[in-house]
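> pasting the sequence and the predicted model now:
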Amino acid sequence: MKFFIAFCMFLHLFSTALSQRILNVGPGRTYANPAAAAAVALPGDTILLHPATYTGPYFISNLKGHRNAWITIKGTTKEQVIFSGGSESMHFSDAEFLHIENLTVRAQTGNGMNIDDAGSMESPTKHVVIENCIFRDMAASGNNDLLKLSGLDSFIIRNCHFENGATGGSGIDMVGCHAGTIYNNRFIQLGSNSIQAKGGSSEIEILANHFTNGGQRTLNLGGSTGAAFFRPFGINYEARNITAAANIIEGSVTPVAFVGSRNIRFINNTIIRPERWILRILQESADTSFYLSSANNHFINNIVVVNNSLSTDVNIGPNTSPSTFKFSNNLWYHLDNANWRGPQLPVMETQGIIQMNPQFMSLANGDYRLLSISPAIGKGKPEPSVKTDRTGKLYLNPPSIGAYEGGVTTFTEQNQPDKLIIYPNPFKDALNIEHDFTQGKIHIYDLRGNLHFKTDLEPNDQIIDLDKLSDGLYILQLESRAGFFFRKICKY
């Protein structure tokens, strides 16, 4: 019996070791391309791409890790691992627990990268992280996207760069995607839009990104989707429950369009020189008897700086419900018209600030942080769904208007005392907490302010199990006799 137990333990350890392999890809390596390595990959494996130029498309289907053993596809360095040309770089279908990082994708004729559910509307691809990648220079001018996502749930896109998209395409195009976070990315010179969320997309956060000339509609929150492509099938809205916060939006024909969408929260953004409209309220779905109108959306705590290129403040299309929108605590400033009386909005705004210079550090140099004399400081409306600014600094109560908190605070996520250490971050299942507090409480909130977890702080260092917590960004609050301490945490 002892031999049998020992043999079983050996088999377990052997199988675990096998499932944590490095699969080397590239010229002279074991596998010539990522599809060949993916065909034999097991949960826990890393598909390591060595410096080379790869030309797709590489179709990768049913690549699935599991919660405790993700499959990783990564380049050694993103500048040297390049997918160039072809109709696509990689096309993933029915993936789960997949981490993609350190790649450059450029000059495709179809979509730069494609991730979908293989048309199985009720079984989405899920648990995908894309980070530290470059998507650029589409070799097409139609409806071609740098990153195309269809039927993807529970995902994070962070620290990526999107540049020079197709004239009719998107930087990130989402059709029927849910529970995602798009965080701290850079978008430059896009075509139709930088980010589009349509086809029943919901529960998405677009946070702390920087957009420059982001297209016809930098953020197209909603859209026009054929009935067969909605996920789940039969949904009667294009998008809902999306938060776009702490973003910088420079240029573009319009910074944001609400298109057949509901419960969108556009909060604490800084908008600079939109070319034609500040925002658009539209309905593009053909069957207006079935599809919900654009309604119940919020535009709050934003700094909007315009000039004479502006044509109409707000563009309102037919079959919409603009009277249900809420405008509050925005700062509006016209660079070329000292006597501007503010935008013509579809409803009366509460606590708006009209024609006061926001007093940026340097408008000319693109530094939109606030000087201490800024009229935006302390004039925002407290929003539980928005905790931190463009840099991760906590918004005060009341917060500043715009993407940057300009008020004086005693601590931020970056400079709190070292007595609270949390790792790993990002994490998969559990967090280690090292501290020297005698007692206290731990609360974990999502970025909308909803409480997801609470426990007492143990006298010694502790591990908290968060396996049941959904993937995404959260705020961990530690309450002790010394005060409140906060950390932004990321589960994936």
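Now that the structure is in, tell me what you want to look at.
> from here on, just use CA atoms for contacts and neighbour counts.
Noted.
> how close does the most centrally placed residue in the chain sit to Leu473?
In the chain, the C-alpha nearest the mean C-alpha coordinate belongs to Ile182, at 0.8 Å (CA atoms, centre = their mean). Using CA to CA, to the nearest Å, one gets 10 Å for the distance from Ile182 to Leu473.
> where's the residue nearest to the centre of the chain, which helix or strand?
Assigning secondary structure by DSSP states H and E places Ile182 in strand 178-183.
> helices along the stretch 1-150 of the chain, start to end?
2-18, 34-38 (DSSP state H, counting those that start in this stretch).
> hmm, back to that, and the next element down the chain from the strand holding Ile182?
Taking DSSP H and E, what comes next after strand 178-183 is strand 186-188.
> what's the angle from the following helix or strand past that following strand to strand 178-183?
Along the chain past strand 186-188, the next helix or strand (assigned with DSSP H and E) turns out to be strand 193-198. Direction vectors for strand 193-198 and strand 178-183, defined by axes from the mean of the first three to the mean of the last three CA atoms, to 10 degrees, enclose an angle of 160 degrees.
> which secondary structure elements does strand 193-198 contact?
Applying 3 or more CA pairs under 8 Å, 6 or more residues apart in numbering; DSSP states H and E, one finds that strand 193-198 contacts strand 170-175, strand 217-222.
> can I get those strands in JSON lines with mean pLDDT and distance to Asn432?
Below are the helices and strands packed on strand 193-198 laid out as JSON lines (pLDDT from 0 to 100; distance: least, CA to CA, whole Å):
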{"stretch": "strand 170-175", "mean pLDDT": "98", "distance to Asn432": "34"}
{"stretch": "strand 217-222", "mean pLDDT": "98", "distance to Asn432": "37"}
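> before we move on, the earlier item: and the pLDDT for the residue nearest to the centre of the chain?
Looking at Ile182, its pLDDT reads 95.
> can you name the residues bridging to Leu48?
Asn24, Lys74 (DSSP bridges).
> check contacts around it.
With CA atoms under 8 Å, 6 or more residues apart in numbering as the criterion, the residues that contact Leu48 are Ile22, Leu23, Asn24, Val25, Ile73, Lys74, Gly75, Thr76.
> which of the helices of the stretch 1-150 of the chain has the lowest mean pLDDT?
The minimum mean pLDDT among the helices of the stretch 1-150 of the chain belongs to helix 2-18 (a mean of 39).
> circling back to that earlier point, what angle do the strand holding Ile182 and strand 170-175 make?
Angle of strand 178-183 versus strand 170-175, following the same axes, to 10 degrees, is 160 degrees.
> chain center to strand 178-183, what's the gap?
When C-alpha coordinates are averaged (CA atoms, centre = their mean, to the nearest Å), strand 178-183 and its chain have centres 5 Å apart.
> what do you get for stretch 460-468?
Here stretch 460-468 is found 26 Å from its chain centre; the criterion is CA atoms, centre = their mean.
> for stretch 84-104, same thing?
Computed by CA atoms, centre = their mean, the separation of stretch 84-104 from the middle of its chain amounts to 18 Å.
> pull up the distance across that stretch, start to finish.
According to CA to CA, stretch 84-104 extends 8 Å from its N-terminal end residue to its C-terminal end residue.
> show the average pLDDT along it.
97.
> again, but for stretch 360-368
Mean pLDDT, stretch 360-368: 97.
> and it, how far apart are its ends?
5 Å.
> would you mind listing the buried residues in it?
Along stretch 360-368, the positions that meet the burial threshold by neighbour count (16 or more other CA atoms under 10 Å) are Phe360, Tyr368.
> could you do stretch 284-297 as well?
For stretch 284-297, the neighbour count (16+ other CA under 10 Å) marks Glu284, Ser285, Tyr291, Leu292, Ser293, Ser294, Ala295, Asn296, Asn297 as buried.
> could you do stretch 223-236 as well?
The neighbour-count criterion (16+ other CA under 10 Å) identifies Gly223, Thr225, Phe229, Phe230, Arg231, Pro232, Ile235, Asn236 as the buried residues of stretch 223-236.
> tell me the one of those residues nearest Ser261?
Checking the buried residues of stretch 223-236 against Ser261 with CA to CA, the nearest one is Gly223 at 8.2 Å.
> mind listing what that closest one touches?
Gly223 makes contacts with Gln196, Ala197, Lys198, Gly199, Glu238, Val259, Gly260, Gln283, Glu284, Ser285, as judged by CA under 8 Å, 6+ apart.
> can you tell me which of those residues has the most neighbours?
Neighbour counts for the contacts of Gly223 were taken using other CA atoms under 10 Å; the highest belongs to Glu238, with 32 neighbours.
> now tabulate the helices and strands packed on strand 193-198 in TSV and tack on mean neighbour count.
Conversion of these to TSV gives the following (neighbours: other CA atoms under 10 Å):
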stretch	mean neighbour count
strand 170-175	28
strand 217-222	28
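> dump those strands into TSV; add distance to Asn302 as well.
Listed next are those as TSV, based on distance: least, CA to CA, whole Å:
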stretch	distance to Asn302
strand 170-175	23
strand 217-222	15
